[in-house]
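Novice: what follows is a predicted structure for the sequence shown.
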Amino acid sequence: MKPKLSAYVSDSVAQRLELAARRPGTNKSAIVDAALDRFLNPERDASGDAALIRRLDRMSRQLDRADRDLSIMAETIALFVRYYLTITPPLPAGDQDAARALGRERFEMFVAQVGKRIASGGRLVADVMEQVSTSNPDLFMRHLEEGAPLGAGEAQTTTTESRSHHAAGQQPEPSPAGREEVGNV
């Protein structure tokens, strides 16, 4: 004989229990018993939850990878555009038509190459990331304390800062030792 329980539930729970109990082959006691059993023994039905958790973890890792790849691609494109705009001199008016035609031809070749890579299932970004991560695994680590760019150590940070000042047309700030020398002149 099973013990009898008396419990108070909210109106919304009572309505949902009534609807669930109308299904053939079930009753209120069986539903409440299963719900209480699951609530009191969460390990008992862990198989379904564990599978869901594994899927969510996998999806989270995939999203993290996609976010990382997107950040790297955005940074790559930004650096390329800055580099291109920095080194490309303006063309004289007479050469612009020929340059546009050459640009259109090169762009069509570029689009064809992208189409071939996509059709073959190849992913250049993934291939490059694989090569970079095996040859230099710390490249994408950020030195948060120093505010350095990705993969930069102390020596690279000063070189990068110097380059960024040069590219922006600014004079780089002297090092602390250099400041003393400037002050003594």
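Specialist: Ah, there it is.
Novice: from P89, how far off is the nearest residue in space to T26 that is not next to it in sequence?
Specialist: In this structure, T26 finds its nearest non-sequential neighbour in A20, 6.9 Å apart by Cβ to Cβ, 6 or more residues apart in numbering. (Glycine included, C-beta is placed from N, CA and C.) Counting by Cβ to Cβ, to the nearest Å, the gap between A20 and P89 amounts to 75 Å.
Novice: more neighbours: which of the two?
Specialist: With neighbours defined as other Cβ atoms under 10 Å, A20 and P89 compare such that A20 has more, 15 against 5.
Novice: was I right to think the more buried one contacts A30?
Specialist: No - A20 sits out of contact with A30 when judged by Cβ atoms under 8 Å, with a separation of 9.7 Å.
Novice: point out the other helices and strands that the longest helix anywhere in the chain packs with.
Specialist: What stands out as the longest helix in the chain, according to DSSP state H, is helix 46-87. With contacts defined as 3 or more Cβ pairs under 8 Å, 6 or more residues apart in numbering; DSSP states H and E, helix 46-87 has these neighbours: helix 124-135.
Novice: so for the helix it packs on, mean pLDDT?
Specialist: Per-residue pLDDT values across helix 124-135 average out to 80.
Novice: separation between the spatially most central residue of the chain and R61?
Specialist: Closest to where the C-alpha atoms of the chain average out (Cα atoms, centre = their mean) is D67, at 1.1 Å. When distances are taken as Cβ to Cβ, D67 and R61 turn out to be 11 Å apart.
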